[in-house]
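*Asks:* fold the stuff below for me.
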Amino acid sequence: MTTDHDVQKLLTHITAQFGTDPERWFLPDGYQSVALAVLDAIYSTGNRYAGVMNVVNGYRRLRADEGADP
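*Replies:* So this is what the prediction gives:
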């Protein structure tokens, strides 16, 4: 179970690592959404990466067909 103390510890760590000024943050290359990153992380544990990209690209197509941004 997550407690307020756990959340505060996480926030303190993030602030120490990245600061509080968004102008100093960088945007790494990668996925446009958390969902795509999660799919990549899960499927990467047991597949060849070409298979992972098939899943990720299939999800992108599905979301685009729904009129949404992946």
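*Asks:* okay, now the unreliable bits of this protein?
*Replies:* 28 (pLDDT under 70).
*Asks:* at the geometric centre of it, which residue do we find?
*Replies:* Val34 (3.3 Å; Cα atoms, centre = their mean).
*Asks:* if I look at it, how far off is Asp40?
*Replies:* Look at Val34 and Asp40: by Cβ to Cβ, to the nearest Å, they are 11 Å apart. Using the backbone N, CA and C atoms, a C-beta is placed for each residue, glycine as well.
*Asks:* over to Gly46?
*Replies:* 13 Å.
*Asks:* and if you look at Asn57?
*Replies:* Taking Cβ to Cβ, one finds Asn57 at 11 Å from Asp40.
*Asks:* between the two, tell me which one has more neighbours.
*Replies:* Neighbour count, other Cβ atoms under 10 Å: between Asn57 and Asp40, Asp40 has more, with 17 against 12.
*Asks:* can you name every helix or strand that the helix ranked longest in the chain contacts?
*Replies:* For the chain, the helix with the greatest residue count under DSSP state H is helix 49-65. With contacts taken as 3 or more Cβ pairs under 8 Å, 6 or more residues apart in numbering; DSSP states H and E, helix 49-65 sits against helix 34-44.
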